[in-house]
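Visitor: predicted model, plus sequence, below.
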Amino acid sequence: MPSFKIDLSTAVVFVATAPAPKLVSKQTGERAMDRETGAGLSTVGLLISDEGEGNLYQVTVPETGLPENLAPGTPVSVIGLKARDWENTFNGQIRHGISFRAVAVTPMGA
């Protein structure tokens with residue numbers, strides 16, 4: 001499926017929730033891996049505020065694009081943020097949504 005770049009040039013972005021490993025299966029604890037690089041994937045909650053509106057997004061980032069000790073409240077810069085729509089069928093029910101992925105999340109001034 002195609003993905004779409006998201007322009008954050010006028011936005012203010014803060015870490016809302018610290019990065020956590022993204023899992024393929026909660027039952028087995030298997031971690032999701034980047035198909036191209038083999039790096040482990042993590043999910044970080046970001047508060048993105050732009051044009052008077054703030055929203056919380058769960059963004060998937062390879063562990064190579066996350067610094068250690070990225071704490072809630074930290075102002076950050078997001079590199080390569082893209083959105084992609086998805087749809088799947090689980091137990092006979094069709095589910096759909098939008099997923100967000102970035103190349104890196106770095107503290108401002110780093």
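Guide: Perfect, thanks for sending it. Numbers count the residues shown, from 1 in each chain.

Visitor: direction included, what does the helix or strand of the chain with the lowest mean pLDDT pair against?
Guide: Lowest on mean pLDDT, DSSP states H and E among the helices and strands of the chain sits strand 82-90, with a mean of 91. Neighbouring strands of strand 82-90 in its sheet, by DSSP bridges, are strand 4-5 (antiparallel), strand 93-101 (antiparallel).

Visitor: residues touching that strand, excluding its own?
Guide: For strand 82-90, contacts defined as Cβ atoms under 8 Å, 6 or more residues apart in numbering pick out 1-6, 94-102. Just so you know, the C-beta spots here come from the backbone N, C-alpha and C atoms, and that holds for glycine as well.

Visitor: give the bridge partners for the residue sitting nearest the centre point of the chain, please.
Guide: In the chain, the C-alpha closest to the average C-alpha coordinate belongs to V59, at a distance of 1.2 Å (Cα atoms, centre = their mean). According to DSSP bridges, the partner residues bridging V59 are V44, F100.

Visitor: now do the same for it: its pLDDT.
Guide: We have a pLDDT of 98 for V59.

Visitor: repeat that for A18.
Guide: So A18 comes in at 96 (pLDDT).

Visitor: quick check, it in contact with G73.
Guide: No - using Cβ atoms under 8 Å, A18 makes no contact with G73, being 10.2 Å away.
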